[in-house]
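Asks: I need the structure of the sequence given here:
(chains A and B)
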Amino acid sequence: MADNKAKNDSDAEMETSMPLPQVTESQKELASQAMSEFDKKQYGSCCSLMHKLIAQRPTDPKVAHNKAVAEFFQSGFLTTDEFRQQLSKVCQMAHVNIDNSESLEDVDHSVIYFNQAVILYHLRQYKAALNILDKLFQYIEPLEEALAKKATMLLVELYLCTYQPEKAMGMVHYAEKTVFTAGKNAGEKENKEDQVDEAWKPKISLYKTRCLLMMKSMKSCKREIKSLMSTQAMNTAVIYLKSNFEHLRGNHKKAMKMLGSVSTSDFTEAGECMPVMYNNNLGCIHFHLSKHHLGAFHFRKAFQENENAIKDIKRGAEHNKNLSGKTLNSIGMSRHFELLYNMGIQLLHCGKAMPAFDCLVEAVQVFRSNPRLWLRLAECCIMANRQNNDEDRKLEKRLEVIQGSDGSGIHRKLRLGPGLKKDNPSPGTPAIPAATHEFAALCLKNALHLLPEDPLTAEKVPIEDSDTVKITPEMVLVTAPPGNPLKAAEVASLRCSILAASAYVALCLNDYTLALLHAENLLKQPKLTGAQRYLGHLYMAEAQVAMDKIADAIQLLNPELVVDISLTLPENKTEQDKSERDPEASESKGYFYPWSPKDLTRAKAIAQYNLATAHAIRGEYDKAGQNLGERCPPSPYYLVAIPFTTVQCVKHNKIDLAALFAHGDLVITKQRRKSNVDGKEE
Amino acid sequence: QFDLHWAIPAISPAERYFLSQLISSPTKEMFKKTPTQIIQLDVSSMQNFDVSGLQLALAERQSEMPAQSKSAMPCVVPDRDTKPSSFDHFGKPGVINPDVQRQTIESLLTGNKAPVENCMMPEFIRLAPPLHIAEDELCWMNPVDMDYSVAWDTTMCVSSSAGVEIRRLMSKAFKGALTLQQQQQLLDELEKDNKLVYHIGLTPAKLPDLVENNPLVAIEVLLRLMQSNQITEYFSVLVNMEMSLHSMEVVNRLTTAVELPSEFIHLYISNCISTCETIRDRYLQNRLVRLVCVFLQSLIRNKIIDVKDIFIEVQAFCIEFSRIREAAGLFRLLKSLDSADPQNTPTAATR
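Replies: Numbers count the residues shown, from 1 in each chain, chains lettered A, B, ... in the order given. Here you go, the predicted structure:
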């Protein structure tokens, strides 16, 4: 097998080495002329020189390669398709199989690898490009200097594009030490060992800042940005990075000011559309300022700009094939899916569940590995089915309690409503995206699978070196494209939210075993917000009642247990360095969607109502009534709650129902009769 | 005189009798009667409507069901209006009005979704969870300052006749032994150009061929590749390749020339030992064992490995092959080192 392979390889080498004639002096001359023309950006004359050269050396892959490069430059990067074809031909000539080879065989082929990676980068096939460049990087030492620099820079960029900031940072450090050291002569090397080439310093600094921002290590980032601002304060990229930094720190006004200071020319040299970025970033800022509708407005504007930019390019490319016709830089320009992602989350916070769902369903097809995005999709489904928790208090809902009466006199009968629950079985399978609880369950399953294993369950295996186990989760970043990767604390809070949503959805699907499992899991998590603990108890109790463990549920529902329903972790406020946060930053913390119950009294009332329900189910109507009647503070749910227990009591105590309905605080029947009462009674 | 049950409307004894008959053993006579006749039956004379067995069965069955499934009640509840609704009823509260009665019954029992079919249960208030709060979720866009463009191959037509010749020699070297002259030429060219070694087409996968056919060339090439970041790949191939005189020679020479990672050497030794143990051919085995022993002795003498690290493994090896002279020699060497400083090798002390 190995012999056979070796034979083939050597045969191939024979073929290439045999017909390649010696390079004559005149050919050498031609080649160097072509190169100098290329360096002078005289692509026309370079092309004609290359034509002459290829006529003399038709089998030389390097000549064919450079001819293709020259023609591509000559076309103004419009002929991407042709260039790719030429490149694959060159690969055939040189007997290179880029996709399948395990590593680079000959440093001579490195340029081909690099160019292939560049094209893939612009096509936004980052993983494939990274694959190729990784192979090339094994041979970085012998590479010609200029190419080595280009390759490392592209590698850093690709790591950033695939949200691997640590790897990118490692590469930047490596590059600083080796590739970009200025002193190449042996004599200079001693005193200038770590001196970075001046020309590259700002670029390296930019990369570092981007890595640090992505890793959210603010302190070192601050230092880096300071040095950047001192040298190139007018650079658009620098200003955007600074603005991003301020935004992450919570200084939204400063960030906005920075963005506004840039003159928005339409396109950057790299072919990016500035108005899209500008509007998108403004949207991000407004999102964090809780101005959700303004944020949505800016995202919509960014969307339009993006569409326009693409249209402009397409117009130029109409009579061309797929990729050709657009410049190489603008092929991957559209930020359609990132914008959809931002827009979807923004709309969700506007309370528009259905439009948000439509956006995010599109976005999730591209950013499949983002667990938080799956959670957001599930939240859309939840919200589409229950706009908010005050829904039950609406007048229509309350009027439904008594649907009407039949007959008169002693034959009079009241018709009661069927209750709050509506089982609407979703049509079709949950695999087809629709804003149903079934689909939400699927989304949440995906989200949980995408998270690293729960440390609670994982820790059981390695008992010995618990120190190392505790350190590693801090290091692991979970990718969340197109946003920055998640840190360990964020992963933990995300897991809590996913578990809470999972328990809720399982309850809605009448899957009580699963609901109990999720709720138990949720309550086991080390860092829970007050609201999540409260919800965990409620969900668990409901599931237990359904599984006939009412005694357990009653203990959980004790209203005295409800002591905290805050939505954020208490440590959050103390943890942040005061020096790092500006005084105005503290206001930025209110960008969440309002959630009810808002205060402790209401939360307790709900727990107590549920307690009454549990008692009623067990047939303890007296206790149920007590919980509703005496100690229960005035709660909107009270009105819905009363009729059931009352009716039950009536049956048992043989009290006249009409008398009870006439009784003091019960106004439903009156409402029904008048039916023009307004909804804001209490 | 009405029995009140929370889930069933009030029924009279006659109705009760009828129901019990219906459930247990209906007599044919029964079906000939009209509802009015049944209602007017004098049930006090009939003693045989004992449904306690039935009730017991029912209670038993219900006890198996969860409380929640037993907690519902019909949606229709009586709500007597004592106030007269029309002139006719004035002053006659509680009088049955057949028209109203019929109308009420019709409206409750008929229709697509008749009200009597509905029921109502105690329900939990199920709060939806709040939206997840994330600090940095949206995608912020930063312009990329770099222009990643296609590169020109600067090595075009830069003649490398030496390179071509070397590559041809190398491809021969993978297949068979080179002549002394060819070897010398190869090594000379490698000496001249430091970076040439990266151009000769040697990948880790091809290393075993080179080692088997031209160990001397392999050593030189590996020494020149020491700076490469791929060198560990080459090492791991070398460790895992089939054990032979040549591979051992290469490893041995490498150990004397440069400092190899110790885990690499350990891995190689264990590989050698296990190869010796598993080989079937007696003659070949003896040969290999001898080789390994000499190899190990040289490693130990040159202080390239610390005996303590591999003591147990090597000792077992020596005992297994004690019939071979070199193994015995190695064993003696181990013992002499062992007795030299006993406190450092606790395994020896217990023995």
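
Asks: which helix in the chain runs the most residues?
Replies: As the question left the chain open, I've gone with chain A. Counting residues, the longest helix found in chain A (DSSP state H) is helix A:292-316.

Asks: that's the other chain; I wanted chain B
Replies: Criterion DSSP H: the longest helix present in chain B is helix B:282-301.

Asks: What residues sit buried inside that one?
Replies: B:Gln285, B:Asn286, B:Leu288, B:Val289, B:Arg290, B:Leu291, B:Val292, B:Cys293, B:Phe295, B:Leu296, B:Leu299, B:Ile300 (16 or more other Cβ atoms under 10 Å in any protein chain shown). All C-beta atoms are positioned from the backbone trio N, CA, C, and that covers glycine.

Asks: of the residues you listed, closest to chain A?
Replies: Chain A has its nearest neighbour among the buried residues of helix B:282-301 in B:Leu288, at 21.3 Å by Cβ to the nearest Cβ.

Asks: What sits closest to the closest one if chain neighbours are left out?
Replies: B:Cys276 (5.2 Å; Cβ to Cβ, 6 or more residues apart in numbering or on different chains).

Asks: Show me what from the stretch 201-350 of chain A comes close to chain B.
Replies: Residues of the stretch 201-350 of chain A lying close to chain B by Cβ under 8 Å from any Cβ of the partner chain are A:203, A:206, A:210, A:216, A:235-237, A:240-241, A:244, A:247-248, A:268-270, A:272, A:274, A:276-277, A:280-281, A:283-284, A:287, A:328-329, A:335, A:338, A:341-342, A:345-346, A:348-349.

Asks: Now list the buried members of those residues.
Replies: Here, 16+ other Cβ under 10 Å leaves A:203, A:206, A:210, A:216, A:235-237, A:240-241, A:244, A:247-248, A:268, A:270, A:272, A:274, A:276-277, A:280-281, A:283-284, A:287, A:328-329, A:335, A:338, A:341-342, A:345-346, A:348-349 buried among those.

Asks: can the buried residues of helix B:282-301 go into TSV with extra columns for pLDDT?
Replies: Output for the buried residues of helix B:282-301, formatted as TSV (pLDDT from 0 to 100):
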residue	pLDDT
B:Gln285	87
B:Asn286	87
B:Leu288	86
B:Val289	88
B:Arg290	88
B:Leu291	86
B:Val292	88
B:Cys293	89
B:Phe295	86
B:Leu296	87
B:Leu299	85
B:Ile300	84
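
Asks: Can you tell me which of those residues is nearest B:Ala177?
Replies: B:Leu291 (19.6 Å; Cβ to Cβ).

Asks: close enough to count as contact, that closest one and B:Met248?
Replies: Yes: using Cβ atoms under 8 Å, B:Leu291 is in contact with B:Met248, at 6.0 Å.

Asks: that older thread, now do the longest helix of chain B: which elements does it pack against?
Replies: Counting contacts by 3 or more Cβ pairs under 8 Å, 6 or more residues apart in numbering or on different chains; DSSP states H and E, helix B:282-301 packs against helix B:245-257, helix B:262-278, helix B:307-320, helix B:325-340.

Asks: The same query, at a cut-off of 7 Å, please.
Replies: For helix B:282-301, the packing partners by 3 or more Cβ pairs under 7 Å, 6 or more residues apart in numbering or on different chains; DSSP states H and E come out as helix B:245-257, helix B:262-278, helix B:325-340.

Asks: List of residues touching that helix?
Replies: B:243, B:245, B:248, B:252, B:255, B:272-273, B:275-276, B:279, B:305, B:307, B:314, B:321, B:324, B:326-327, B:329-330, B:333 (Cβ atoms under 7 Å, 6 or more residues apart in numbering or on different chains).

Asks: What separation do you get for the nearest residue to A:Thr513 once chain neighbours are set aside and A:Ala541?
Replies: In space, and not counting its chain neighbours, A:Thr513 is closest to A:Met547: 7.2 Å by Cβ to Cβ, 6+ apart. Computed as Cβ to Cβ, to the nearest Å, the A:Met547 to A:Ala541 distance reads 11 Å.

Asks: chain center to stretch A:67-76, what's the gap?
Replies: 38 Å (Cα atoms, centre = their mean, to the nearest Å).

Asks: residue contacts, B:Glu137?
Replies: By Cβ under 7 Å, 6+ apart, the residues touching B:Glu137 are A:Ile345, A:Arg372, A:Gly483.

Asks: from the residues you listed, which is closest to chain B?
Replies: Once Cβ to the nearest Cβ is applied, the member of the contacts of B:Glu137 that ends up nearest chain B is A:Gly483, at 5.3 Å.

Asks: got the phi/psi numbers for the closest one?
Replies: phi -90, psi 180 (degrees, to the nearest 10).
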